[in-house]
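>>> Return atomic coordinates for the entry below.
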Amino acid sequence: MTEFLVDMSEEEAADLAFMAEFLASLLLTPPDRDCLQALRSMQGQVSLGRIGGYLGEETAVDAIRQILTAGSAEEVAVSLERRHTALFEGIFRQRSLPPYASAWDGTGRLCGPAVGRMQQILRDLDIHLEGSSEMPDHIGIQLATLAEALRRGRPDIAARLLDELDWCARFGAALIKADDTGFYGALARLVLAFKTLMTADEAAAQPLHDPATARI
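Residues are numbered from 1 along each chain as shown. Model (predicted):
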């Protein structure tokens, strides 16, 4: 367990939980019209900018901003939904990038040991995945669970989740290669920067939270 996890303040934990949940939501499902309008608003743009600054990924956030405004909210929503399907649920499995730990952790199959470990972590936090059809080793589920562990002040479980997320380095690199200039390639850069920050020994110098800036 890093010093960062042990010594982080409540404000730092809240900031990191917000980012983990934000990234999780965009990886679990493509943003719909309402989500896109929130992201395209002034408040959303400021929040994106602060996330980019916190993670040192301003270029990735700039790419996301450009993609979010490349057409009407309806047009962008359709485009991102198609890209999400092509990347993560492609008809040709050898061309798709399954967003599950079991597909990338060397076991060579879906529903591998990572599923059981995640189920135990969910039980330890008393979290029930009601209404979700995703397996618990989906990167979005792992990030959302990490957010909950941070909010509850459970650095022990947060450390276990960061270990579970070791596979995301390979997944993120493959996603960047497949969607280098796209929305999900930029999102992968944010995920990798977030994981690097979470495993560092000290927090970012600039807090994400600003009383004058509401979150998305």
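
>>> Who are the contact partners of the residue most central in space within the chain?
Residue closest to the mean C-alpha point of the chain, counted by CA atoms, centre = their mean, is Leu23 at 2.8 Å. Residues near Leu23 by CB atoms under 8 Å, 6 or more residues apart in numbering: Gly140, Leu143, Leu187, Leu190, Val191, Phe194. C-beta here means a position set from N, CA and C on the backbone, and glycine is covered the same way.

>>> roughly how far apart are it and Leu55?
Distance, Leu23 to Leu55, using CB to CB, to the nearest Å: 10 Å.

>>> can you list residues touching both of these two?
Leu190, Phe194.

>>> Do a quick rundown of the helices in this protein.
3-7, 10-28, 33-40, 42-55, 58-68, 73-88, 113-124, 139-151, 155-164, 168-178, 183-198 (DSSP state H).

>>> so which of the ones you listed is the most packed in?
Among the helices of the chain, the stretch with the highest mean neighbour count (mean count of other CB atoms under 10 Å) is helix 139-151, at a mean of 24.

>>> Next, the angle from that helix to helix 73-88.
Taking axes from the mean of the first three to the mean of the last three CA atoms, to 10 degrees, one finds helix 139-151 and helix 73-88 inclined to each other by 100 degrees.

>>> What mean pLDDT does helix 139-151 get?
If you average the pLDDT over helix 139-151, you get 97.

>>> what sits up against that helix?
Identification of contacts with helix 139-151 by CB under 8 Å, 6+ apart yields 13-14, 16-18, 20-21, 23-25, 27-28, 99-101, 118, 121-122, 125, 127, 129, 132, 134-136, 155, 157-158, 161-162, 164-165, 168, 171, 191.

>>> Extract the CA atoms of it and return them as CSV.
Provided in CSV are the C-alpha atoms of helix 139-151 (Å, rounded to 0.1, in the frame of the first residue of the first chain):
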residue,chain,number,x,y,z
ILE,A,139,-12.8,-2.0,-16.0
GLY,A,140,-15.8,0.2,-15.4
ILE,A,141,-17.0,-1.9,-12.5
GLN,A,142,-13.5,-2.0,-11.0
LEU,A,143,-13.1,1.8,-11.2
ALA,A,144,-16.6,2.4,-9.8
THR,A,145,-15.8,0.1,-6.9
LEU,A,146,-12.5,1.9,-6.3
ALA,A,147,-14.4,5.2,-6.1
GLU,A,148,-16.7,3.6,-3.4
ALA,A,149,-13.7,2.3,-1.5
LEU,A,150,-12.1,5.8,-1.5
ARG,A,151,-15.4,7.4,-0.4
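
>>> Check whether Arg117 really touches Leu165, as I assumed.
No - using CB atoms under 8 Å, Arg117 makes no contact with Leu165, being 11.6 Å away.

>>> Looks like Leu48 contacts Val61 (just checking).
Yes - in this structure, Leu48 is within contact of Val61 by CB under 8 Å, at 5.1 Å.

>>> pLDDT below threshold where in the protein?
1-4, 90-94, 201-216 (pLDDT under 70).

>>> Ala200 and Arg170, how far apart?
As for Ala200, its distance to Arg170 is 20 Å (criterion: CB to CB).

>>> One more: Arg151?
Distance, Arg151 to Arg170, by CB to CB: 28 Å.
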